[in-house]
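Trainee: task: produce atomic coordinates for the following.
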Amino acid sequence: MHLDRNKQRAKMAADSDPESEVFEITDFTTASEWERFISRVEEVLNDWKLIGCRVGKPLEKGELTSGSWDETTQEINFADFKFSITHHFLKQESAENESRDEPEEEAYPLAMQDLLCMNNDFPPRAHCLVRWFGVREFLVICPGANCEAVVSESKCNLLLSSVSIALANTGCQVPLLVQIQQKWRKVFVGECQGPGVRSDFEMVHLRKAPGQYTHLSGLLDVFKNKIGCPLTPLPPISISIRFTFVLQDGQQCSWPQQPPDFDALLAGEVGGVEFGKLPFGACEDPISELHLATTWPNLTEGIVVDNDVYSDLDPLQAPHWSVRVRKADNPQCLLGEFLMEFFKLCCRKETTEEILGKNAVEDEGKENSDITQALSKLTEPASVPIHKLSVSSMVHSARKRIRRNRRAEESPLNTDVLNSILLYLFPDAAQDKADSSEGKSTQEPARESEDYLLYNQLKSAPSDSLTYRLALCVCMVNFHHGGVRAVAHLWQEFVLEMRYRWENNCLIYGLASGAPDLRCCLLHQKLQMLNCCIERKRARDDGRKSGASDGARSRLGPESAGPAEVSPGKSWDSWSDSEEEFFECLSDTEEMKETESEKKTASKSKAEGRLQPHGKLTLLNSQEPLYIPVTQEPAPMTEDLLEEQSEVLAKLGTSAEGAHLRARMQSACLLSDMESFKAANPGCCLEDFVRWYSPRDYVEEQVVDEAGQTVIRGDLSVRMKIPGNMWVEAWETAKATPARRQKRLFDDTKEAEKVLHYLSQQKPSDLTRHLMPCVLHAALLKIKEEEAAEDIASVRKALQQVTAHASKLLRHPSPDFKKLEDVIAQMSAVEAVIACARSLKAKFGIGGGERENDADELERFVSCLLEEPEVSVVGAGRGPAGNVIHKLFVSSQRAALLAPLEDETGRSGGTDDRKVVPDFPPPAGREVLLRTCVPRPAPYSKALPQRLFCVLLRDEFRLAGAFSSDTCFF
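Mentor: You can find the predicted model right below:
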């Protein structure tokens with residue numbers, strides 16, 4: 001009581017003090033979460049400019065399928081519950097100018113006009129709401145991705161109220177629907193409002209169709225009861241019906257894929273036929289189902305009868321047939337599998353030694369320890385015959401031991417298969433000895449040819465080159481003959497073959513002569529570099545032996561041994577000739593011993609290394625003709641060596657000293673050419689050299705001499721007169737030395753060993769990455785070859801896209817593996833399309849001796865099936881394609897229902913079979929579209945469009961209705 005009195009006193013004191021008065025005001029105008037949600041929907045409608053009357057042209061036939069659709073999505077919240085509102089619309093040219101004359105008050109919303117449009121019934125490819133309601137524009141509010149479905153009735157009514165208020169407040173005439181129930185059920189409700197009219201979009205979805213609604217008469221009763229038209233008689237109802245039949249059993253058609261020649265593969269008769277080809281085609285039928293849709297459009301209620309007792313709807317009598325094919329999910333395709341298995345090798349990290357096992361390598365190290373000391377043993381006295389101490393004999397003895405160890409432990413690659421591969425890669429091994437040392441280079445394809453453009457685009461290799469054939473063999477070996485172990489074995493044999501050819505001066509078969517082609521892959525460049533080394537070595541050896549006796553020439557025997565055979569080692573003469581690397585040093589010491597007088601005499605009287613006179617030019621200091629010298633060819637380089645060189649030059653910096661050093665490093669070839677020029681033109685000067693080597697740097701002009709005559713005088717250009725010019729320094733340093741006595745610009749021995757070392761260090765994964773461009777190149781050529789027989793426009797377009805994608809990808813030094821996998825997947829998809837074309841041609845009997853007109857029609861039909869989602873059958877069941885489809889269904893029905901009774905039906909003559917066995921199975925799906933235009937809700941209301949779309953499947957029953965009513969006169 002005491003506390004209560006104190007509180008009362010304090011309150012009275014507060015009331016008496018006017019400054020301490022507190023007013024608590026409850027603002028009932030504060031927006032609730034529901035009102036905020038409605039306001040947010042209205043904001044979105046305003047932002048998207050969906051306010052007011054929408055105008056548009058009448059829909060043309062098939063426009064909902066063939067037209068271009070677009071959509072815009074935005075997130076909105078109802079309290080903490082997330083929704084997404086999406087605007088779907090068909091892109092059309094604006095039709096505002098055409099509809100200006102029409103009063104806006106009398107125009108129905110565009111969606112109501114679409115409800116009665118009959119040009120787009122049953123669109124084959126469209127949003128489900130487009131198929132059910134036929135509208136070209138609509139809005140959908142769906143729960144967020146991680147939000148629960150709107151299931152309760154109160155929440156559904158709250159959303160519908162929000163939609164109705166937002167449409168009324170904004171004057172939006174676009175249908176706005178809300179997704180309710182579980183998402184998989186695809187249940188949408190909503191409305192569309194216009195001036196004085198409203199359409200309610202409603203939906204029923206059940207697992208099973210009630211018995212009384214499985215036919216047309218029951219569905220008509222539902223439609224009539226729903227619209228509740230008070231008029232008598234009822235306005236006519238337009239009916240469109242579609243039955244869909246599914247053909248699943250295609251086994252009655254022979255599958256066109258040819259099986260591989262297993263006998264040839266097992267017998268080892270592979271050679272250039274099998275290993276030069278990639279497989280192609282699907283292992284199973286890529287067409288899983290064929291759907292036939294029979295349509296009866298624009299019927300009236302009294303024309304057709306369809307109830308639980310009798311039906312007039314015979315598929316053969318349907319006026320319109322259309323067909324679509326359902327392709328198998330990820331059909332097993334041979335080329336795609338080959339490429340994917342080859343691609344998987346890129347992710348392997350094992351070395352060749354780890355894959356093939358350590359035993360062979362360890363035994364090789366124990367038994368073959370003399371290999372590491374080969375050079376020292378060659379210089380030591382020994383009782384062993386000299387020819388057994390050569391590097392080649394040691395390498396080939398190691399090769400024998402490796403093979404012996406492999407035989408004991410089962411070689412990863414069968415010997416017969418290996419020999420077949422080597423003969424395919426190196427056909428010159430089977431030729432005569434006189435021809436084997438010549439080697440065969442590939443002819444570069446014409447620049448206009450498709451092959452040239454492809455290998456240039458993909459940075460692979462020409463299609464008849466060794467690298468290209470090696471890629472095909474590695475791909476085949478990986479898939480058929482042992483996987484990564486067989487690949488490692490083949491690569492080791494290939495590297496040994498390369499070393500054998502280098503040591504024996506045998507040109508590598510299948511490589512174009514000349515410097516490495518930087519447009520090709522790095523592995524191809526390396527092999528070309530090795531071939532360059534062999535060419536230089538052979539030319540040097542031939543040059544030395546050209547002045548020797550005939551007996552010396554006869555010692556060229558070992559280089560002509562077949563490449564597939566194991567060499568017993570070269571003779572001492574051949575070894576000493578081919579391995580004499582230091583002759584250039586002797587020429588330098590001899591020149592150092594020459595006296596000054598000998599040099600002067602030589603320079604005046606003796607000219608060496610002349611190729612031919614350079615036109616009519618003469619030396620400036622004498623009347624001797626100016627000769628073009630024989631020069632050394634510049635050192636060929638692969639792209640990795642060029643990159644290394646550019647990095648070294650870049651590291652020298654931008655200082656004067658660095659620039660000078662960089663210029664000296666780059667002037668080795670210039671110095672060699674100057675020395676050759678001096679040797680060929682004794683008494684020449686720098687101006688003579690510039691006139692031949694860089695004519696632009698020798699400037700000639702007409703001047704008047706002392707006698708008054710016009711003469712031509714020349715002088716070096718300005719850049720040649722810069723102090724410290726590298727050309728002047730090089731000219732003063734250069735000695736008169738012909739090219740044959742100069743130090744080699746290109747050390748073929750060193751470069752060849754570098755290439756062989758590089759090849760031996762490549763893991764199977766590295767090899768796969770090097771050969772991937774060639775394999776993709778071969779796959780594209782294979783697809784183009786197969787497509788040429790089928791002539792499919794979509795495949796040609798897809799090939800262009802794949803080639804462009806692969807070209808961008810493969811030109812990168814380290815292409816992205818994920819993107820490479822995508823390219824292979826795209827190629828597999830193209831292969832599946834071609835397989836589908838062949839399957840359809842087999843099913844429709846194209847090429848089986850039909851009449852010419854029928855064959856053309858079937859060809860067109862099949863090609864349309866591949867390009868379009870659904871194709872109309874010309875002539876329906878009575879056209880060429882319709883007859884084939886009918887026969888397919890009949891044979892499928894007989895195979896399914898009468899297979900055990902085949903003998904009995906044969907005895908009975910078959911007249912009763914047609915009555916027992918229907919030509920078509922029960923329809924897998926039935927769709928009925930009902931439309932009319934009646935006044936609702938009162939007889940004096942406006943006549944407005946009403947529409948009901950019915951779907952009856954085996955496990956689904958759906959009614960999607962749009963019912964319009966007059967909101968002014970009700």
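Trainee: quick one, strands of the stretch 751-900 of the chain?
Mentor: Here the stretch 751-900 of the chain has its strands, by DSSP state E, counting those that start in this stretch, at 871-873.
Trainee: cool, and the stretch 101-250 of the chain?
Mentor: 137-143, 176-180, 187-194, 197-206, 238-247.
Trainee: with distance to Met637 and mean neighbour count as extra columns, can I get those in CSV?
Mentor: Every C-beta, even on glycine, is put in place using the N, C-alpha and C of the backbone. Output for the strands of the stretch 101-250 of the chain, formatted as CSV (distance: least, Cβ to Cβ, whole Å; neighbours: other Cβ atoms under 10 Å):
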stretch, distance to Met637, mean neighbour count
strand 137-143, 62, 22
strand 176-180, 66, 24
strand 187-194, 68, 23
strand 197-206, 72, 18
strand 238-247, 63, 20
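Trainee: out of the ones you listed, which is closest to Pro738?
Mentor: Minimum separation from Pro738 across the strands of the stretch 101-250 of the chain (Cβ to Cβ) falls at strand 238-247, 83.3 Å.
Trainee: helices and strands around the closest one, which ones?
Mentor: helix 216-227, strand 287-300, helix 880-897, strand 925-935 (3 or more Cβ pairs under 8 Å, 6 or more residues apart in numbering; DSSP states H and E).
Trainee: now stretch 708-728: how far from the chain's centre is it?
Mentor: 57 Å (Cα atoms, centre = their mean, to the nearest Å).
Trainee: for stretch 743-763, same thing?
Mentor: For stretch 743-763, the distance to the chain centre is 35 Å (Cα atoms, centre = their mean).
Trainee: give the contact list for the most centrally placed residue in the chain.
Mentor: Geometric centre of the chain, nearest residue: Val823, 2.9 Å, by Cα atoms, centre = their mean. When contacts are counted by Cβ atoms under 8 Å, 6 or more residues apart in numbering, Val823 touches Leu776, Val802, His805, Ala806, Leu809.
Trainee: mind running it again at 10 Å?
Mentor: 339, 343, 772, 776, 779-780, 802-803, 805-806, 809-810, 815 (Cβ atoms under 10 Å, 6 or more residues apart in numbering).
Trainee: separation between it and Val833?
Mentor: Taking Cβ to Cβ, to the nearest Å as the measure, Val823 falls 16 Å from Val833.
Trainee: so can I have CSV of the strands of the stretch 101-250 of the chain showing distance to Tyr455?
Mentor: As requested, the strands of the stretch 101-250 of the chain are exported to CSV (distance: least, Cβ to Cβ, whole Å):
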stretch, distance to Tyr455
strand 137-143, 50
strand 176-180, 53
strand 187-194, 55
strand 197-206, 58
strand 238-247, 44
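Trainee: export stretch 232-245 as CSV, just CAs?
Mentor: The C-alpha trace of stretch 232-245 is given here as CSV (Å, rounded to 0.1, in the frame of the first residue of the first chain):
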residue,chain,number,x,y,z
THR,A,232,-29.7,-21.1,-74.5
PRO,A,233,-28.5,-22.6,-76.8
LEU,A,234,-24.9,-22.4,-75.7
PRO,A,235,-22.5,-20.7,-78.1
PRO,A,236,-20.4,-23.2,-80.2
ILE,A,237,-17.3,-24.6,-78.5
SER,A,238,-14.1,-24.9,-80.5
ILE,A,239,-12.3,-28.2,-79.9
SER,A,240,-8.7,-29.1,-80.7
ILE,A,241,-7.5,-32.6,-79.8
ARG,A,242,-4.0,-34.1,-79.9
PHE,A,243,-3.0,-37.7,-79.2
THR,A,244,0.6,-38.6,-78.7
PHE,A,245,1.9,-42.1,-79.5
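Trainee: OK, contacts around the residue nearest to Phe861 when sequence neighbours are not counted?
Mentor: Take Phe861 and drop its neighbours on the chain: the residue closest to it by Cβ to Cβ, 6 or more residues apart in numbering is Ala881, 4.6 Å away. By Cβ under 10 Å, 6+ apart, the contact set of Ala881 is 321, 323, 844, 854, 857-858, 860-862, 864-865, 871-875.
Trainee: Gly67 too?
Mentor: Leu59, Glu60, Leu90, Lys91, Gln92, Asn120, Pro123, Ala126, Arg136.
Trainee: try 8 Å this time
Mentor: So Gly67 contacts Leu90, Lys91, Gln92 (Cβ under 8 Å, 6+ apart).
Trainee: what's the answer for Arg536, then?
Mentor: By Cβ under 8 Å, 6+ apart, the neighbours of Arg536 are Phe746, Asp748.
Trainee: need the pLDDT of it.
Mentor: Here the pLDDT value assigned to Arg536 is 85.
Trainee: still on that earlier bit, so which of the strands of the stretch 101-250 of the chain comes closest to Leu686?
Mentor: Closest among the strands of the stretch 101-250 of the chain, once you apply Cβ to Cβ, is strand 137-143, at 82.1 Å.
Trainee: who does that closest one touch, helix- and strand-wise?
Mentor: The elements that strand 137-143 packs onto, with contact taken as 3+ Cβ pairs under 8 Å, 6+ apart, are strand 81-90, helix 110-115, strand 176-180.
Trainee: a markdown table please, covering those and showing mean pLDDT.
Mentor: Conversion of those to a markdown table gives the following (pLDDT from 0 to 100):
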| stretch | mean pLDDT |
| --- | --- |
| strand 81-90 | 94 |
| helix 110-115 | 91 |
| strand 176-180 | 95 |
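Trainee: among those, which is nearest Pro462?
Mentor: strand 81-90 (50.2 Å).
Trainee: mind listing what Leu756 touches?
Mentor: Leu756 neighbours (Cβ under 8 Å, 6+ apart): Val495, Met498, Arg499, Trp502, Leu530.
Trainee: one more: Gly194?
Mentor: Ala107, Tyr108, Pro109, Met112, Gln173 are the contacts of Gly194 under Cβ under 8 Å, 6+ apart.
Trainee: change it to 10 Å
Mentor: Going by Cβ under 10 Å, 6+ apart, the list of residues near Gly194 reads 53-54, 105, 107-112, 167, 171-173, 944, 964, 967.
Trainee: of these, closest to Pro625?
Mentor: Using Cβ to Cβ, Arg54 comes nearest to Pro625 of the contacts of Gly194, at 90.3 Å.
Trainee: ok, back up a step: just the ones of the contacts of Gly194 in helices?
Mentor: Counting by DSSP state H, those place Leu110, Ala111, Met112, Leu167 in helices.
Trainee: just send the residues you listed back as a markdown table, with distance to Thr351 and neighbour count too.
Mentor: Formatted as a markdown table, the ones in helices among the contacts of Gly194 follow (distance: Cβ to Cβ, whole Å; neighbours: other Cβ atoms under 10 Å):
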| residue | distance to Thr351 | neighbour count |
| --- | --- | --- |
| Leu110 | 70 | 23 |
| Ala111 | 69 | 24 |
| Met112 | 74 | 23 |
| Leu167 | 71 | 25 |
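Trainee: what's the most buried one of the helices and strands packed on strand 238-247?
Mentor: Each of those was scored by mean neighbour count; the highest is strand 925-935, a mean of 21, by mean count of other Cβ atoms under 10 Å.
Trainee: the inter-axis angle of that strand versus strand 287-300?
Mentor: Going by axes from the mean of the first three to the mean of the last three Cα atoms, to 10 degrees, strand 925-935 is angled at 30 degrees with respect to strand 287-300.
Trainee: list phi and psi for Ile722.
Mentor: Phi and psi for Ile722, reported as degrees, to the nearest 10, are phi -70, psi 130.
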